[in-house]
Structure formats: C-alpha cells, structure tokens
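In: What follows is a predicted structure for the sequence shown.
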Amino acid sequence: MTTARIERLVTSGQFSLDGGTWDVDNNVWLVGDDHEVVVIDAAHDADAIAEAVGDRRLTAIVCTHAHNDHIGAAPALADRTGAVIWLHRDDLPLWRQTHPDREPDAWLRDGLVIEAAGADLTVLHTPGHAPGAVCLHDPGLGAVFTGDTLFQGGPGATGRSFSHFPTLVDSIRDRLFTLPPETRVLTGHGDSTTIGAEAPHLEEWIARGH
C-alpha cells in the first residue's frame, strides 16, 4: 500500500505559441509523502511550487509536455532544489522555444516508471496535443495525470503547431480508455474527471474532428 498522496496547486500565468498569448491557470500536481515528492508540470511560479514542496526532498520535475505554461518554472525550481527535469525527447523543439539555454536532465519514454515515496508513476506516451506528450498512471493511487491530453469534457486542443487531432484521439483511445473506468483523470487545467465519465464520448469527439 502506497503512503504517497496527491496535492494540487493552481498557478497562473500565460501560454504563448504561434504568435498568440493567453492567460491561463495551470494545475501543478505534487505526488509524495512527508519526506519526498515529485512535481508534475512546474507551471509559472517557482516560488509557489517551492513553498508547496516545503522542506521535503524534490526528486523529479516531470513535464507532461513542453508548452511554455507547463515548463516555465522548471529550470528555476530545479536549480533551487537539485531535482531532475524529465521530458519526452519528441518535445525538445517545443522546450527550446521557452528554454533555449537549458536542456532537460533526463528523457521520459513509454513504460518508464518514476518513483515517489512508494508511488510508481508509469509513463504513457500519448502524442497528439504535442509530439512528446505523456500521461502518468499509478494504479495504486487510482489516478492518471493527463496534462493537456484529456480533460473533463474532451481531448486537449490541437489547433496549433506540433499538434494533430487524429493522433490525439488514437492516444486517448488506445492508452487512456483501456484504464479502469474508476481511474481519476487529473488534468493540466481545470477540474478532474474519471476515465468512465469521458470514455462514452469518444465517438462524438471523432465525429467532431472531421
């Protein structure tokens, strides 16, 4: 039985891509216990995230994808804590748009397990919203962290560079909707949902995308 728990912090800032900028609120997820923790998506505000970490050891900063609103605070947080920044290599071109002078420290790959205080976060490569987008699934926690791949009410956006709607739908169908229906979907923005709540709408999304 894992002793790990999930904490949510909401940070605010801007998302910029393809010449546009939007104000956004992001979910920053912390998974760990009283001693060590990992951060999923270091968005916007390194100070606020460091405060949420407190005196715990931050072992990893896992980036679900490399849009600037999800990685903006990662280097500052890593420099402050010594944590390793993890990213899927396919998102390196996006990463370099935000951090041209600082590479991630390690590469996520499908099937890799990142441990945090007894939690085992398994990487699911789910391209579509971004080429290197990943989700992180832990059956013990009954949760999947989906970044911007799947939200309450539908898939992530695919109208901008590096994104592709049919690929995203394939990722959701093949990698996420095969998880148990009670699995909590902890998203990059907004409210949480479950696999069971979203799975019945797959055909609608496919129709909408054509």
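Out: That came in fine, so what should we check first?
In: just checking, what packs against the helix or strand in which residue 166 is found?
Out: Taking DSSP states H and E as the criterion, residue 166 maps to helix 165-171. Secondary-structure packing of helix 165-171 (3 or more CB pairs under 8 Å, 6 or more residues apart in numbering; DSSP states H and E): strand 154-155, helix 202-208. Where you see a C-beta, it was placed from the backbone N, CA and C, and this is true even at glycine.
In: Lowest mean pLDDT across the ones you listed, which one is that?
Out: Averaging pLDDT over each of the helices and strands packed on helix 165-171 singles out helix 202-208 as the lowest, with a mean of 85.
In: what's the weakest-modelled helix or strand in the chain?
Out: helix 202-208 (a mean of 85; mean pLDDT, DSSP states H and E).
In: what does that helix contact?
Out: Contacts of helix 202-208 with the rest of the structure, by CB atoms under 8 Å, 6 or more residues apart in numbering, involve 154-155, 169, 172-173, 177.
In: Filter those residues down to the buried ones.
Out: Neighbour-count burial (16 or more other CB atoms under 10 Å) applied to those gives 155, 169, 172, 177.
In: And the contacts of stretch 174-193?
Out: 6, 8, 24-27, 29, 41, 64, 70, 124-126, 135, 137, 139, 142-153, 156, 194-196, 198-199, 202.
In: Just put the buried ones among the contacts of helix 202-208 in CSV and tack on distance to residue 14.
Out: Formatted as CSV, the buried ones among the contacts of helix 202-208 follow (distance: CB to CB, whole Å):
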residue, distance to residue 14
155, 22
169, 28
172, 27
177, 32
